[in-house]
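# what shape does this take:
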Amino acid sequence: MKYMIHFCQENALFNQKTMKKAKTLSALLFLITLLMSGCFLQPKKAEKPVTKIGFIGPLTGDGASWGADSKNGLALAASELGDIQVIYEDAACSGQQAATAAQKLINIDHVQFIIGGICSGETLAAAPIAEAARAVLVSPASESPDISQAGDYIFRTWPSADSGIRLVGQEIKDKFQRVALISEQDEFGMGNRKILLDIWEEEDVIDETYLPGNKDFRTALAKIRTFAPQAIFMNHHTDETALAILQQIKEAGLDLPIYTNTNGSSEGLAKEANNLAQGLTFPELPTDLTGDFQQKFTSKFGQPQAMLRVAATTYDTVYLLHKLISEYGYDATQVKDALYQTEYSGVVGKYQFDKNGDLVGAGYRLRKYPQ
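Next up, the predicted model:
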């Protein structure tokens with residue numbers, strides 16, 4: 001009996017030792033598995049915060065070439081920075097579509113920073129919505145003088161057309177007494193028209209207008225021919241419209257000095273410098289860009305469709321906003337206040353804003369094709 005009890009005790013002790021060894025072996029095998037799978041004590045990489053930015057511009061319609069250059073400039077900057085999410089909205093140079101896009105970006109996508117519009121009508125329509133929501137809106141291309149009064153949260157990295165239009169308007173005033181003005185009925189065209197008519201208050205002027213999208217100017221040009229002006233000012237918005245007007249001026253036999261607004265430096269008109277646009281005079285901004293932006297842009301997207309400067313100012317706008325958001329957080333009011341105090345150097349040059357959010361320091365000069 002004692003032997004049996006002793007045997008059972010020894011057997012139980014043996015079983016306990018065996019179970020301990022088995023547990024130890026299982027734990028060791030589990031540990032080896034973890035190490036081999038790379039899961040053991042691997043620190044979780046912190047995700048880089050993403051900055052959400054909205055874009056409003058003409059991706060379809062007559063102004064699509066301008067929208068494409070701006071979109072591509074934004075895409076280039078975003079790819080370099082690596083932590084930007086862009087939500088693109090097509091406004092097709094329409095104020096109504098731009099307003100709808102701004103509402104979506106702010107109220108549905110919860111965006112606090114918008115780049116756009118490109119067309120002045122887009123910017124002026126989106127501005128009240130951004131202002132009411134305290135969202136920063138920065139236009140990299142809109143020129144209408146009316147944008148200066150659009151709101152405290154509204155900025156532009158492209159200068160107002162005011163100084164350029166005054167420069168070319170004064171040039172015409174000094175040379176001619178009878179002038180023909182043909183203007184597009186949109187915010188950009190009507191803003192320029194008002195400035196020109198103020199400058200030419202003492203001149204004889206025939207003042208013709210046309211609806212956006214119109215391509216038949218023969219009736220207006222017949223009236224202009226009867227008026228017998230000494231010069232014509234073509235106050236257009238898109239290349240397609242400008243080329244149609246120039247072609248029909250030629251067909252009408254109006255061999256006169258022709259002037260235009262700041263859109264005269266577009267790629268479409270530059271290609272016609274020795275043909276339809278020969279002799280065309282317009283105000284332009286300096287086109288010198290720093291660094292290798294042009295090479296980077298053309299290698300990725302090819303030649304600009306409208307104007308390289310539009311792509312470059314959009315590119316600079318992305319970097320400027322990214323810099324301030326990194327410093328002040330995703331807070332539109334903080335970034336807005338910082339923008340008024342900022343001096344930033346980009347590929348286009350120095351950016352500094354006045355009390356209206358307008359770019360200061362960028363000067364226009366007159367150019368005449370084919371120079």
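
# how about the residue nearest to residue 162 when sequence neighbours are not counted, phi and psi?
For residue 162, ignoring the flanking residues on the chain, the nearest one in space by Cβ to Cβ, 6 or more residues apart in numbering is residue 145 at 4.4 Å. Yep, even glycine has a C-beta here, placed from its N, CA and C like the rest. With angles defined as degrees, to the nearest 10, residue 145 sits at phi -60, psi -30.

# where does residue 145 land on pLDDT?
Looking at residue 145, its pLDDT reads 88.

# so how far is residue 97 from it?
23 Å (Cβ to Cβ, to the nearest Å).

# so how far is residue 202 from residue 148?
26 Å.

# of these two, who's got more company?
Remark: of residue 148 and residue 202, residue 148 carries more neighbours, 15 against 8, as counted by other Cβ atoms under 10 Å.

# contacts only, for the more buried one.
By Cβ atoms under 8 Å, 6 or more residues apart in numbering, the contact list for residue 148 reads 160, 162, 356-358.

# how far away is it from residue 344?
20 Å.

# mind splitting the chain into its structural domains?
Domain segmentation of the chain under automatic domain parsing yields 51-159+288-364, 162-284.

# which of the ones you listed sits closest to residue 371?
Residue 371 lies closest to domain 162-284 among the domains of the chain, at 8.3 Å (Cβ to Cβ).

# could I get the average pLDDT for the closest one?
95.

# surely residue 277 meets residue 269?
Yes - between residue 277 and residue 269 there is a contact at 4.8 Å, judged by Cβ atoms under 8 Å.

# overlap in contacts, the two.
By Cβ under 8 Å, 6+ apart, residue 277 and residue 269 have these common neighbours: 242, 369.

# checking the residue lying closest to residue 129 once chain neighbours are set aside next. Helix, strand or coil?
Distances taken as Cβ to Cβ, 6+ apart put residue 102 closest to residue 129, at 4.2 Å, once the chain neighbours are dropped. For residue 102, the secondary-structure state derived from DSSP: H, G, I helix; E, B strand; the rest coil is helix.

# check contacts around residue 102.
Applying Cβ under 8 Å, 6+ apart, the residues near residue 102 are 54, 56, 114, 125-126, 129-130, 137.

# ChimeraX command for the buried members of those residues?
The buried subset of these, as determined by 16 or more other Cβ atoms under 10 Å, is captured in ChimeraX by this line:
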select :54,56,114,125,126,129,130,137
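
# which one of the contacts of residue 102 sits closest to residue 220?
Taking those together and measuring to residue 220 by Cβ to Cβ, the closest member is residue 125, at 27.0 Å.

# my guess is the closest one contacts residue 92. True?
No - between residue 125 and residue 92 there is no contact, the gap being 11.9 Å when judged by Cβ under 8 Å.

# so residue 196 touches residue 167, yeah?
No - contact criterion Cβ under 8 Å: residue 196 and residue 167 do not qualify, at 11.4 Å.

# quick one, which of the two is more surrounded?
Comparing residue 196 with residue 167 by other Cβ under 10 Å, the one with more neighbours is residue 196, at 25 against 16.

# ok, the nearest residue to that one once chain neighbours are set aside to residue 228 distance?
The shortest distance from residue 196 to any non-neighbouring residue, by Cβ to Cβ, 6+ apart, is to residue 169 (4.9 Å). Residue 169 is 21 Å from residue 228, where distance means Cβ to Cβ.

# same question for residue 101.
Taken as Cβ to Cβ, the span from residue 101 to residue 228 is 45 Å.

# of the two, which one has the most company?
Ranked by neighbour count (other Cβ under 10 Å), residue 101 and residue 228 place residue 101 first, with 28 against 12.

# mind checking the SS state of the nearest residue to that one once chain neighbours are set aside?
Setting aside the residues directly before and after it, residue 101 is nearest to residue 89 in space (Cβ to Cβ, 6+ apart), at 3.6 Å. Under three-state DSSP, the three-state class of residue 89 is strand.
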